[in-house]
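Student: return atomic coordinates for the entry below.
(one chain, ligands or ions: 1)
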Amino acid sequence: MDCVMRKAYAKINLGLDVIRRRPDGYHEVKMIMQSVGIYDVLSFKKSEKSGIFISLDHAELPCDQDNLIYKAAKLIMDAYDIRSGVEITLNKNIPIAAGMAGGSTDAAAVFHGLNELFQLGMSLQEMKELGVKIGADVPYCIMGGTALSEGIGEILTPIPAPPKAYLLIAKPDINVSTKFVYENLHADTLKEHPDIDGMVDALTKGDLKGITDRMGNVLETVTVREYPIIDRIKGEMLMGGAENALMSGSGPTVFGIFEDKEAAERCSESLREQGFAKQIFVTEFVENDVKAEAREG
Ligand code: ATP
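Tutor: I've put the predicted structure just below:
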């Protein structure tokens, strides 16, 4: 096999709670992760020349060792002593610095891509164990679908996907640093915590209302204070017929869950016309698709 392609799906958080800040500075989290139908496309090709060569179509992103794609490829190639080279092409569609794990999902795609290209035989478990060295969200992105994420993000439990619904996803024209948000979160003074266990139950029962009633994200306390546009977008989505709306991850992306596709589309037009966001998508939940391509370890 000389060339391999992978889709790297973005994620949203249906629920995000921070339990505590650990003495080593990491935050212990409890999150519901969900893949959505916005994806980057990566292609991988063996190269005669040794090294990692990245080409991409986005001016804001580095194509050197600062790109998470490079970091993932280097880690794998060192671990498996791969002497030949690889050319990686990235077509970026996922909004950047958005709370949608764009970089982590690209890194995860590198694990699947190089596993196939170089026939490494890595199990999902092996990929996740190496992947966490790149970032806390990478193990989840390697697996995809719907999952409860605990610890610093590395303890993952797959759960059933939500019932069919439509997602309106809008990223206001600001970039938010995940580091800034966590540094300004005071986990011990949080007054409200989302009911993550209740959401797991609702997902298991396939109860959409039970899911949307429990949506909550403690990071909104930091990001919304800084960027009130997030609350305005949530308000627009609720007025436009969303069952509920929430900021994803550290933001600033907002998603609304709709039962009615036309309502989601009308609301996306309205957000665009009012200039609330430029990057707007109407999409759906995506179920885990890796089982066929990698064996569970
Ligand atoms: P998360 O939800 O995991 O916090 P995010 O959506 O907030 O992620 P990313 O889009 O992953 O943020 O990117 C954050 C920064 O990481 C960017 O500003 C970018 O410079 C850097 N980066 C490195 N590699 C990539 C990549 N392949 N795709 C996107 N960003 C990357």
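
Student: what segments of the stretch 101-250 of the chain are strands?
Tutor: Ranges of strands within the stretch 101-250 of the chain are 146-151, 155-158, 166-171, 216-217, 244-247, based on DSSP state E, counting those that start in this stretch.

Student: out of the ones you listed, the one nearest the ligand is which?
Tutor: Across those, the minimum distance to the ligand, taken as C-beta to the nearest ligand atom, is reached by strand 166-171, at 9.2 Å. For glycine as for every other residue, the C-beta is placed from the backbone atoms N, C-alpha and C.

Student: what helices and strands are in contact with that closest one?
Tutor: Here strand 166-171 touches strand 27-47, helix 229-239, strand 254-258, helix 261-273, strand 279-283, going by 3 or more C-beta pairs under 8 Å, 6 or more residues apart in numbering; DSSP states H and E.

Student: near the ligand at all, the longest one?
Tutor: No: counting by C-beta under 6 Å from any ligand atom, the ligand is not contacted by strand 27-47; separation bottoms out at 7.4 Å.

Student: pull up the residues of the protein that are close to the ligand.
Tutor: By C-beta under 6 Å from any ligand atom, the residues of the chain that approach the ligand are 61, 67-69, 96-104, 106, 137, 178, 249-250.

Student: what's the single longest helix in the chain?
Tutor: Ranked by residue count and defined by DSSP state H, the top helix of the chain is helix 102-117.

Student: now do it, average pLDDT.
Tutor: The average pLDDT within helix 102-117 is 98.

Student: by contact count, what packs against that helix?
Tutor: strand 3-21, strand 27-47, helix 68-79, strand 85-91, helix 124-131, helix 138-143.

Student: single out the most deeply packed of these.
Tutor: Between the helices and strands packed on helix 102-117, helix 138-143 has the highest mean count of neighbours, a mean of 28, where neighbours are mean count of other C-beta atoms under 10 Å.

Student: so what touches that one?
Tutor: The contact list for helix 138-143, computed with C-beta atoms under 8 Å, 6 or more residues apart in numbering, reads 8-9, 11, 33, 72, 101, 104-105, 107-109, 111-112, 124, 127-129, 131-132, 147, 149, 153-154, 156, 158, 288, 290.

Student: 6 Å instead, please
Tutor: Outside helix 138-143, the residues that touch it by C-beta atoms under 6 Å, 6 or more residues apart in numbering are 33, 101, 104-105, 107-108, 111, 127-128, 131-132, 147, 149, 154, 156.

Student: next one: residue 205 from the ligand, what distance?
Tutor: For residue 205, the distance to the ligand equals 28 Å [C-beta to the nearest ligand atom, to the nearest Å].

Student: sorry, that was for residue 224
Tutor: If you go by C-beta to the nearest ligand atom, the gap between residue 224 and the ligand works out to 16 Å.

Student: got the contact list for that residue?
Tutor: Residue 224 touches 230, 231, counting by C-beta under 6 Å, 6+ apart.

Student: could you redo the last one with a cut-off of 10 Å?
Tutor: Residue 224 makes contacts with 217, 230, 231, 232, 234, 247, 251, 252, 254, as judged by C-beta atoms under 10 Å, 6 or more residues apart in numbering.

Student: which one of the strands of the stretch 101-250 of the chain lies closest to residue 84?
Tutor: Among these, strand 155-158 comes nearest to residue 84, with 32.1 Å by C-beta to C-beta.

Student: now do the closest one, average pLDDT.
Tutor: Taken as a whole, strand 155-158 has an average pLDDT of 96.

Student: do the same with stretch 170-188
Tutor: 92.

Student: can you start the count at 45 instead of 1 from here on
Tutor: Done: numbering now begins at 45, and the last item shifts to stretch 214-232.

Student: circling back to that earlier point, so which of the contacts of helix 182-187 is the most crowded?
Tutor: residue 152 (31 neighbours; other C-beta atoms under 10 Å).

Student: show me the domain layout of this structure.
Tutor: Domain assignment for the chain by automatic domain parsing gives 47-202, 210-340.
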